[in-house]
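Undergrad: 3D model of this:
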Amino acid sequence: MNAPPRSVRRGGFAVVVALGLALSACSGSAPAGATGSAQSAPTGTAPETTAATSALDFTAPTIDGGRFDASTLSGTAVVLWFWAPWCTICRAEAPGVAAAAAEYDGRVMFLGVPGRGAVGEMREFVADTGTGGLTHVVDADGALWQRFGVVAQPAFAFVDTDGTVATFGGSLDPESLRQAADDLLAG
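TA: Next up, the predicted model:
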């Protein structure tokens, strides 16, 4: 059974996570050719909040072959969405993530961080789910997932304008995701 909703307040912002609505993280074996180890986390893992002024100090390739310098987002509220191309729960939550990204465009940056799959499969996922409005960076070696303490997908990391990070393991429904974005903006 899931715990009741929790709110974590650190560094001037609150991330409200509706644990009762969270779905279980994808787990089990990855498809052939996927990278990384198959790990699972409890549904709706409570967010971990840490001060990480350098959380956005990274560059990574994008799924379209470019490079993304996350340090350009310093001072911006950012939501990182960790997903895998074969994850059915990620696929189900993708329209809500895309809608939130469109709704908060110019105020909160949404960044997709796919892992555990081939880049071609990542591109197909983005095309199939309508999440092409987000920038998606490829985390082929798992360094970004590790940086944010992500062990399974889906997961989210919320970075406020001061660089404080709250990481949530599990799926978020659209209402909870919008509330988290509002909380980032309320600072």
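
Undergrad: residue ranges of the strands in the protein, please?
TA: For the chain, the strands defined by DSSP state E cover 6-10, 13-17, 45-51, 59-61, 67-69, 77-83, 108-114, 135-136, 155-159, 164-169.

Undergrad: Val137 contacts Phe110, doesn't it?
TA: No - Val137 sits out of contact with Phe110 when judged by Cβ atoms under 8 Å, with a separation of 11.9 Å. (C-beta placed from N, C-alpha, C; glycine too.)

Undergrad: for Glu124, give me its contacts.
TA: By Cβ atoms under 8 Å, 6 or more residues apart in numbering, Glu124 lies in contact with Pro85.

Undergrad: and the gap between it and Pro95?
TA: Glu124 is 16 Å from Pro95, where distance means Cβ to Cβ, to the nearest Å.

Undergrad: how about Ser74?
TA: Counting by Cβ to Cβ, the gap from Ser74 to Pro95 is 29 Å.

Undergrad: same thing with Phe68?
TA: For Phe68, the distance to Pro95 - Cβ to Cβ - is 23 Å.

Undergrad: neighbour count: those two, which is higher?
TA: Each of Phe68 and Pro95 has its neighbours counted (other Cβ atoms under 10 Å); Phe68 has more, 17 against 13.
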